[in-house]
Structure formats: structure tokens, C-alpha cells
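J.: what's the 3D shape of this:
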Amino acid sequence: MPYQRYVALGDSQTEGLNDGTEETGYRGWADRLAEILATHHPDFRYANLAVRGRLTAQVRAEQAEAALALNPDLISVMAGMNDLVRPGFDATAVAADLEAMLKALTASGATVVTFTFPDVAKIAPLVRHLRPKVLDFNDRIRVMAERHGATLVDTFHHPIATDPRLWSKDRIHATPLGHARIAAAAAHALKVPGAGPSWTDPLPPLPTMPIWRRAAVELAWVGAFLGPWIVRRLRGRSSGDGRTAKRPELQPFGSANMA
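T.: Prediction:
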């Protein structure tokens, strides 16, 4: 510390979806972390190679080598959830791709930070059958992070990680508040000066929702988000088709392409 050259790898969460709009641009937790880090180094530079819809193998193939070419001293990798929610998810193969990245990135001498995933059963009850996969994959991430000396942001056991106010209506992407909490969690894990555990602080209690209202909300989610997602999968399409990284080069924070 302080870090001078930060490169973010990943998918839509790291790209920053739902923390902004297509018209104004997306900010996201990685941009927010970069903003925190920029206050500690006058020559700070930041690149974000994440692209929505990318699977872990694609992140590895398209982003890892490009990240190393930028010679960063800090790299973040958040990947795996796009794989996990697909039929035929092969945890061993996906974990192998993630571990290969962690091995190569840490070998460069950079500090590498990676993440576990929250309890999907509490965020989207209709996909609670995915919970055992999340538990298993998180255990794999913990082991590989320790093996390669990566910094782990492990939010799974903190109730705030599944507070609905941190998640958008699609229950996939974080809200601006959610992105802010993820950035704060990463800063805390990296021991950034001034960062602490306040990201775990609970929000005020929500009013109790009647059962009929909860059922209506679930049905609305299926129609608005789950159904269209299934259709895209059947058609072999991805939200990231034709897209490239929003910030492919290291630049001063606040310069071109920042949301």
C-alpha cells in the first residue's frame, strides 16, 4: 500500500451493471474501489476489463493475459456465477479456470483479490436449488485463495450480503448501495487506510411483507427476468455479445470512460 496500478477482471458485476444506466454509463464496485484507492496515491491508474455475460473460461482467455500486460500491482477477479447458474455447471472445470488465473496473477507479484458469492436462496428463493452449488464453489474459492496467497473478500456469512436493498430487481446485479458495500468490503480486506468493517453494518429493518405480496413479487420476477434469461440461454445468446471492456487501458481515475 498504497496501490498505484489497479486492473479489474470479471463479468457484469465488475463492469458495474445497475450502478448507473446504459445512457450515463455504469460505475460499479470496482470503480468505487478505484476511487478509494486514488485518494492514497497521486499517480494512481485504473483499468476495468470486465464484460457482462462472460463465463470464467472467457475471463481467463480474454482478460487475464491482457491484465498482466498492464503490469498492475493490484488485480481483482470476480468470476463464476454466470457458470454456476447454467445447466451442466461443472464446478471442477470452472474452479480450474479460476485457480489458473489466481496462480498466474499472484505469480506476477501483484496483490490479487477475489470473492465468494452470497446465498442465492435468500436473494431469489425460486432458485434455492442452486444453494448447494454456491456452498461448494465458495469452499473451492476459499481453498484456492489461501493456496495462492490471494486476498479473499468472503461476504457469505454476513447478513447484509443478502439484504434485498443491496440487490436490483433482477436479483443478479447489485444496486448502487450494494456496489458501494462490495467496494468497502474489498477495501477492508485489502487493509486500505481508513477502511473498516462498517460495510457489514445492517440497514434498518424492512416492514413485514404479506405472503400474498411475496408470491406476487416472485411471479413478477419470473416474468420480467428469469423467463427472458432462459430464452437467451436457449437461443445461445449472451448479454455481452458484441461488447468490449469499458476501460481497457490504465488511466488516471476520473479520466475518459469513467462512469
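J.: gap between Arg140 and Lys133?
T.: Separation of Arg140 from Lys133 (Cβ to Cβ, to the nearest Å): 11 Å. (Each C-beta comes from the backbone N, C-alpha and C, glycine too.)
J.: which residues are in contact with both of the two?
T.: Contact criterion Cβ atoms under 8 Å, 6 or more residues apart in numbering; residues shared by Arg140 and Lys133: Ala91.
J.: now stretch 86-96, how far from the centre of its chain.
T.: 18 Å (Cα atoms, centre = their mean, to the nearest Å).
J.: Mind checking the pLDDT average for it?
T.: Mean per-residue pLDDT for stretch 86-96: 94.
J.: same deal with stretch 21-38?
T.: 94.
J.: Give me the neighbour count for His188.
T.: 17 (other Cβ atoms under 10 Å).
J.: just checking, what packs against the helix or strand where it lies?
T.: Assigned by DSSP states H and E, His188 belongs to helix 176-189. Under the contact definition 3 or more Cβ pairs under 8 Å, 6 or more residues apart in numbering; DSSP states H and E, helix 176-189 sits against helix 28-38, strand 111-115, strand 151-153.
J.: Gly16 is nearest to which of these?
T.: Each of those was scored for nearness to Gly16 using Cβ to Cβ, and the closest is helix 28-38 (2.0 Å).
J.: helices or strands up against that closest one?
T.: strand 5-10, helix 12-15, strand 45-48, strand 74-78, helix 176-189.
J.: And the third one, how far out from the chain middle?
T.: Looking back up the chat, that one is strand 45-48. Distance, stretch centre to chain centre, for strand 45-48: 16 Å (Cα atoms, centre = their mean).
J.: Quick check: neighbours of it in the sheet, parallel or antiparallel?
T.: Paired strands of strand 45-48, with direction, are strand 5-10 (parallel), strand 247-252 (antiparallel) (DSSP bridges).
J.: Just the CA atoms of that strand, as CSV, please.
T.: Taking Å, rounded to 0.1, in the frame of the first residue of the first chain, the C-alpha atoms of strand 45-48 are listed here in CSV:
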residue,chain,number,x,y,z
ARG,A,45,-4.1,4.4,-12.6
TYR,A,46,-7.1,2.1,-13.2
ALA,A,47,-8.3,-0.3,-15.9
ASN,A,48,-11.5,-2.4,-16.0
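J.: Give the rounded mean pLDDT of it.
T.: Here the average pLDDT along strand 45-48 is 98.
J.: How about stretch 165-185?
T.: Across stretch 165-185, the average pLDDT comes to 93.
J.: got the buried residues for that stretch?
T.: Neighbour-count burial for stretch 165-185 flags 166-168, 171-176, 178-185 (criterion: 16 or more other Cβ atoms under 10 Å).
J.: the helices in this protein, which residues?
T.: 12-15, 28-38, 56-59, 65-69, 81-84, 91-107, 120-123, 131-148, 176-189, 211-221, 227-234 (DSSP state H).
J.: just so I know, which of those lies nearest Pro159?
T.: Closest approach to Pro159 among these (Cβ to Cβ): helix 120-123, 8.8 Å.
J.: contact partners of the closest one?
T.: Val127, Arg128, Leu130, Arg131, Val134, Thr162, Pro164, Trp167, Arg171.
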